[in-house]
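Peer 1: Model the structure of this input:
(chains A, B and C)
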Amino acid sequence: MEYRLDRNVHSLLDPRTKLLLLFTSSVFVVGNAGEKQMIVFYWILVYLPVFLLFIEKEWKAGFVAIAVYIGSFYAQLALRHDLTALESALALMLYIITKILPTVILARYIVKTTKVSEFLAAMNRLHVTDKLTIPVSVIFRFFPTVVEEAKSINDAMRMRGIEMGAKKATEAVEYRMVPLIASCSIIGEELSAAAMTRGLDVGKKRSCIWNIRFGLFDFIIIALCLSCFIWWGIGRFFI
Amino acid sequence: MENNNRLNAKDLINVGIYTAICAVICCAIAMTGVIPIMMVLLVVFVPIFTGIPYMMFLTKVKKFGMILILNALMGALMWVTGMSYYALIVGTISGLIAEFIYRAGNYKSKKLGVIAYAISGIYCWANYFGIFFNAEAYFSTRQNFGQEYIDAVTGMLPVWMCPVLLVADIVCGLIGGWIGSKVLKKHFEKAGIA
Amino acid sequence: MPELLYLVGDRKVFYMIVFDNVSFQYTKEQESLKNIALTINEGEVVLVCGPSGCGKSTLVRCVNGLIPHFYQGRMTGCVTVSGTDASKTTLRKLSKHVGTVFQNPRSQFFNVDTTSELAFGCENFGLLPEDIEQRINSVVNRHDLGKLMDRSIFKLSGGEKQKIACASIAVEPVDIVILDEPSANLDYTGICELQRMIEGWIEDHKTILIAEHRISYLFPYITRALLMNNGEIIKEFTAKEIRSLSEDELQGLGLRAERMQDPTDVKLTADNKKSNGDKMILLNMTYSYKGEKPVFNIPQMEIPMGEIIGITGANGAGKSTFLRCLCGMERSCKAMLKIGNELWNNKMRRRKIYMVMQDVNHQLFTDSVLEEVMISQEAEDKTEALDILETLDLKEYADRHPLSLSGGQKQRVAVASAIASGRSIILFDEPTSGLDYSHMLQVSELLKKLRDNGKTVIIVTHDIELIQNACTVVIPFMQYTTETQKESEV
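Peer 2: Take a look at the predicted model:
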């Protein structure tokens, strides 16, 4: 069967829209700007990431996120009166979860659905310097590698029975960190060499095979984000 | 060979790699941060544990801008993973200061490296801003939670804790940097990879 | 534009690569290249071979510009690539002429998805997206890579990654292709596919430079072979000459001479003495990735004790996972190992079986070789530890940092701590990937030594020469892989 590259394959949203949404979410969900006046937008922004996960058919992650969020939210309601020390500690924990979970889910969605190449091109169009976009794209690429390396080092420790035998806590940390950093630094060196022999450089014009452009959903999300800020502005300066 | 003082792809990839390592470590520690007491201790653990990769990173830094970018990115990562945008602001400023400190020693001095690390690490402390300054605002929309609940939560975060945490953060940064430079000497320099 | 050399029909041929008395040293102590003089014409396929550390990788790095632009050192002489002085231009400009496939498939990708990786080089040069699309389509269809497109690189096997690495160079409009030990992590089928890629480049009249010590798979293609040692080109062979060398002669030069053959029908030459016929029995081992069908299913496997057992099979068949399950590291695997009357579960196997991982860097933790051996001992005993190091020729390195040693030495340190742990079953995951002939023999001797001390050694490998030299029993893994897995390999 002949293969045809489809340059229009991309996730629902443009990388620029995703970043705008992330920005909006961190201002209004985590930062809680606008407070009571923003309550409708607040709830939209809380549940939107899960909706995006569903669109990507990440059913399990989506349902787990909803369950955790609703669970912690109602548990907070239950912890209303006469808290013991332990209960208030629990309350604080739930408070943090409900506050950051939606944005964490959104960040995860963005990392999972954005191609490095798309990201570089989109940032280029926004005139963001390579000095930021190259490191960010390396983080995308390297995060799973670090986790992979850390896992196999942990395995090696379990196999050698060292995790139990470590005499001091410092050793337990040292034994994990040293091979991790050594091995990441070697991989990193090779990665740079490979990328540079393929022409990666700073401040040079790149092209991008992926057609990135705004679609209907982009306009809806952008409109949502803008109206958040406008409504907030109205509340601050006119009412 | 040309443009020796401009950041090239290798430098930027190094920044990305060490940011990723630091971020993974932060994440691993932050997981424990859901337990409230641990959350306060983040300001202790993060600077201590990221000291090792950070000191290794400093051995790769030879040009202006790398520390600044790493810090700005760490700040931005903190921000998007739900801490607060103060981390980005504080991180960028502290990164710039750290950059100047480390540059004063021609990107070689380990002592200045430790100090630069301790200063740059205060983005970690800035994470708490959102919780300190916004907790009441947060609950103003949730009066139905009941006053006791709100008191309990805010009671654990008195404003005087803020400077205490800053001092703790810097002290732990110094300790972390010191440990980092020890490990660097004990392992990476001995093994010839630093 | 490179200098015109001669005409073949109406096609002009140029000097593509010229080394003019080039020397290079990474550090002050050791010279890695000595007075290299070499010219390579357009369309030539040149093999640079020699034992590890001979300078072949350093030589190809001079061509792709990593020396002197990436790896700093002292360089004299001049390398001209496609008509320009490599040291006076930039890596980016050179990269338009030269494409490189590296040894380690894990570290040469910048993108996370395969399709973008194919486009990466062309995107960096700013080629039109429509052109890149066409180039990708033609490369993918030519090499039948459709199944590998739009995948995460983290979900590919080593062989698949190497295919993508080759394809991504094939997409670029380069004149020179450099392969730096491309077969190090490949199995038999992987090498066959690598051959197809090389054939494609030859059809397109690319100039190809290959640094390798496994050479027989390249015999049909090369026009010349250069043998290096200690940073010098010590001999130059024509294609015909190198083909006529016998296996022994090649091995004498430190090269891997194995003929291309399927590892399942290898004849064992290692002598089979001493084994007393005891067996351990592995029961109910099955493993599947989250939410997927099982990769392999082993209702019962008899493993003879006190032998060197080779587990063979294609890349991506789940052999490494099998080892991880066997030594109890996969929690989801509920297999049991029956030895005599004892049944070992995961936890017990973790305490009783030792595994030497493919990437030994992951299992070396301390700051000295001696310390590394001592933390494995039940009770620390310095004299015993030193004795173990002595038998493995590591005594002089006792105070060195394990990470500062060479690959082979690191592996021996891992074996030393395996011995120190007193465990009787030792597993090896691809212990010879990327090793030249003499180092492979060293590993083989080491395995035999372990067996002579009464250990049961289980190795997962696709290295035919190692199997021939060391293994006393071979268990083909194919019989245990499940149907879905077999289909995806074909």
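Peer 1: Please identify the buried residues of stretch A:65-83?
Peer 2: A:65-66, A:69, A:72, A:76, A:79, A:83 (16 or more other CB atoms under 10 Å in any protein chain shown). In short, each C-beta sits where N, CA and C put it, glycine included.
Peer 1: who's in contact with stretch A:116-123?
Peer 2: A:10, A:14-16, A:132-134, A:136-137, A:140-141, A:206-210, A:212, C:110-113, C:116, C:119-120, C:123 (CB atoms under 8 Å, 6 or more residues apart in numbering or on different chains).
Peer 1: dump the residue contacts of the most centrally placed residue in chain B.
Peer 2: In chain B, the C-alpha nearest the mean C-alpha coordinate belongs to residue B:121, at 3.5 Å (CA atoms, centre = their mean). Contacts for residue B:121 were tallied using CB under 8 Å, 6+ apart; they are B:46-47, B:50, B:54, B:94, B:169-170, B:172-173, B:176.
Peer 1: Over to residue C:345?
Peer 2: Contacts for residue C:345 (CB under 8 Å, 6+ apart) come out as C:328, C:336.
Peer 1: Run through the neighbouring helices and strands of the longest helix seen in chain A.
Peer 2: Counting residues, the longest helix found in chain A (DSSP state H) is helix A:130-160. If contacts are counted by 3 or more CB pairs under 8 Å, 6 or more residues apart in numbering or on different chains; DSSP states H and E, helix A:130-160 sits against helix A:116-125, helix A:169-197, helix B:9-31, helix B:66-80, strand C:353-356.
Peer 1: Tell me, how many residues neighbour residue 58?
Peer 2: All of this is about chain A. Applying other CB atoms under 10 Å in any protein chain shown, we find 19 residues neighbouring residue A:58.
Peer 1: my question was about chain C
Peer 2: Using other CB under 10 Å: residue C:58 sits among 24 other residues.
Peer 1: With adjacent residues omitted, what lies nearest to it?
Peer 2: Nearest non-adjacent residue to residue C:58, counting by CB to CB, 6 or more residues apart in numbering or on different chains: residue C:32, 4.5 Å away.
Peer 1: For the one you found, give me the pLDDT.
Peer 2: Per-residue pLDDT puts residue C:32 at 87.
Peer 1: ok, it to residue A:149 distance?
Peer 2: 29 Å (CB to CB, to the nearest Å).
Peer 1: These two: which has the busier surroundings?
Peer 2: residue A:149 (24 against 21).
Peer 1: So that one sits against residue A:184, correct?
Peer 2: Yes - if you go by CB atoms under 8 Å, residue A:149 and residue A:184 touch, sitting 6.1 Å apart.
Peer 1: next one: the helix or strand harbouring residue C:40 to chain centre, how far?
Peer 2: Using DSSP states H and E, residue C:40 falls within strand C:33-41. Chain-centre distance of strand C:33-41: 26 Å, with CA atoms, centre = their mean, to the nearest Å.
Peer 1: Please apply the same query to stretch C:207-221.
Peer 2: 15 Å.
Peer 1: what do you get for stretch B:19-29?
Peer 2: Centre to centre, stretch against its chain (CA atoms, centre = their mean), the figure for stretch B:19-29 is 10 Å.
Peer 1: For that stretch, buried residues please.
Peer 2: Those would be B:19-26, B:29, for stretch B:19-29 by 16+ other CB under 10 Å.
Peer 1: Is chain A within reach of it?
Peer 2: Yes - Stretch B:19-29 lies within reach of chain A by CB under 8 Å from any CB of the partner chain, at B:19-21, B:23-24.
Peer 1: if we take those, which one ends up nearest to chain C?
Peer 2: Checking these against chain C by CB to the nearest CB gives residue B:20 as the nearest, at 12.8 Å.
Peer 1: Let me see the contact set for the closest one.
Peer 2: Here residue B:20 is in contact with A:138-139, A:142-143, A:145-146, A:184 (CB under 8 Å, 6+ apart).
Peer 1: Between helix B:66-80 and the longest helix of chain A, find me the angle.
Peer 2: 80 degrees (axes from the mean of the first three to the mean of the last three CA atoms, to 10 degrees).
Peer 1: Check which residues of helix A:130-160 are buried.
Peer 2: A:130-146, A:149-150, A:152-160.
Peer 1: pLDDT of that helix, averaged?
Peer 2: Taken as a whole, helix A:130-160 has a mean pLDDT of 89.
Peer 1: what does stretch C:250-267 give?
Peer 2: Computed over stretch C:250-267, the mean pLDDT rounds to 71.
Peer 1: so where's chain A shaky on pLDDT?
Peer 2: Residues of chain A meeting the criterion pLDDT under 70: A:1, A:80-85, A:88, A:163-168, A:239.
Peer 1: okay, which residue is most central for it?
Peer 2: Geometric middle of chain A (CA atoms, centre = their mean) lands on residue A:107, at 2.0 Å.
Peer 1: which element is that one on?
Peer 2: Using DSSP H and E, the element containing residue A:107 is helix A:85-113.
Peer 1: quick one: that helix near chain B?
Peer 2: Yes - Helix A:85-113 is in contact with chain B by CB under 8 Å from any CB, via A:87-93, A:95-97, A:99-101, A:103-104, A:107.
Peer 1: I'd like the distance from that helix to the chain centre, please.
Peer 2: 13 Å.
Peer 1: Give me the helices and strands touching that helix, please.
Peer 2: Using 3+ CB pairs under 8 Å, 6+ apart: helix A:85-113 touches helix A:15-25, helix A:39-55, helix A:59-78, helix B:36-49, helix B:129-140, helix B:147-155.
Peer 1: packing partners for the second one?
Peer 2: Spelled out, that is helix A:39-55. Checking 3+ CB pairs under 8 Å, 6+ apart, helix A:39-55 ends up next to helix A:15-25, helix A:59-78, helix A:85-113, helix A:216-237.
Peer 1: Only alpha carbons, please: show it as PDB.
Peer 2: Only the C-alpha atoms of helix A:39-55 are listed here, as PDB (Å, rounded to 0.1, in the frame of the first residue of the first chain):
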ATOM      1  CA  ILE A  39     -17.100  31.900  38.300                       C
ATOM      2  CA  VAL A  40     -18.700  30.800  35.100                       C
ATOM      3  CA  PHE A  41     -15.500  31.000  33.200                       C
ATOM      4  CA  TYR A  42     -13.700  29.300  36.100                       C
ATOM      5  CA  TRP A  43     -15.800  26.200  35.700                       C
ATOM      6  CA  ILE A  44     -15.500  26.200  32.000                       C
ATOM      7  CA  LEU A  45     -11.700  26.300  32.300                       C
ATOM      8  CA  VAL A  46     -11.700  23.600  35.000                       C
ATOM      9  CA  TYR A  47     -13.600  21.100  32.800                       C
ATOM     10  CA  LEU A  48     -12.200  22.000  29.400                       C
ATOM     11  CA  PRO A  49      -8.900  20.000  29.700                       C
ATOM     12  CA  VAL A  50     -10.900  16.900  30.400                       C
ATOM     13  CA  PHE A  51     -13.000  17.600  27.300                       C
ATOM     14  CA  LEU A  52      -9.900  17.900  25.300                       C
ATOM     15  CA  LEU A  53      -8.600  14.600  26.600                       C
ATOM     16  CA  PHE A  54     -11.900  13.000  25.500                       C
ATOM     17  CA  ILE A  55     -11.500  14.400  22.000                       C
END
